[in-house]
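Asker: Pasted the sequence and its predicted model underneath.
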Amino acid sequence: MSKIAIFGGTFDPVHKAHTQIAKLALQSFDLKKLIFVIAYAPPHKAKQYAGIEHRISMLQLASGNIKKTEINFYEFQKSQVVYSYQTLDHFQNLYPDDEIYMIIGSDSLVNLSEWKNINYLSHSYKFIVAKRPGIIINKNTKYLDKCIFINKDAADISSTGIRKLIKEDDKTAVSLLDKKVYDYIIQNKLYG
């Protein structure tokens, strides 16, 4: 049975930690493929800052050179809030002979209890966890038995921080993004 990983997010904007996590997951777990799924309206975020078309374009620029990846528009096409269990069920139906994993950060792992239908989700699927700096995981962390961990810590980058840097015209943002993504943001006057 092959492994397929679903990497969901708003990618607002997609940054170097996202692509680092994707590459590490592909290398570490012999994945058949990794599917980026752009959230249309994530239940835990009040708003998106760049329109969906811009977020798709940026993700295409950032992930274009990463082998065995694709971008899927399942949640976008629904045009409503879609919960993780629904997305994973969708891909399990598409790939019934493969094992579906969800990529999350360790910050999400410690909050999994708050996710919609988490008992079903954790019973049906496994998680590939990217370790985030400052997040403590120990043997008492719930759902630990459903997780496999990427050995290397993810870069400490946040989309929120990048948007702030761009708004302040701070050029250090370029070091946190693929250069093509940074250029796209500037050309399209995003986050300013």
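Answerer: Looks like it came in fine. Numbers count the residues shown, from 1 in each chain.

Asker: what's the single longest helix in the protein?
Answerer: Ranked by residue count, the top helix of the chain under DSSP state H comes out as helix 16-29.

Asker: okay, the angle between the helix or strand following that helix and helix 16-29?
Answerer: The helix or strand immediately downstream of helix 16-29 is strand 33-38, counting by DSSP states H and E. Angle, strand 33-38 to helix 16-29, by axes from the mean of the first three to the mean of the last three C-alpha atoms, to 10 degrees: 150 degrees.

Asker: Which pLDDT value does the model give residue 44?
Answerer: Per-residue confidence (pLDDT) for residue 44: 64.

Asker: same deal with residue 39?
Answerer: Here the pLDDT value assigned to residue 39 is 89.

Asker: Residue 7: neighbour count?
Answerer: 23 (other C-beta atoms under 10 Å). Every residue, glycine included, has its C-beta placed from N, CA and C.

Asker: I'd like to check the angle between the helix or strand containing it and helix 16-29, please.
Answerer: Using DSSP H and E, residue 7 sits in strand 3-9. For strand 3-9 against helix 16-29, the angle by the same axes, to 10 degrees is 170 degrees.

Asker: For strand 3-9, give me every contacting residue.
Answerer: 18, 21-22, 25-26, 29-39, 42, 75, 84, 87-88, 91, 95, 98-103, 128 (C-beta atoms under 8 Å, 6 or more residues apart in numbering).

Asker: Show the buried residues in those residues.
Answerer: Using 16 or more other C-beta atoms under 10 Å as the burial test, those include 18, 21-22, 25-26, 29, 31, 33-39, 42, 75, 84, 87-88, 91, 98, 100-103, 128 as buried.

Asker: returning to that earlier point: packing partners of the longest helix of the chain?
Answerer: strand 3-9, strand 33-38, helix 52-63, strand 99-105, strand 126-130 (3 or more C-beta pairs under 8 Å, 6 or more residues apart in numbering; DSSP states H and E).

Asker: Perfect, I'm done here.
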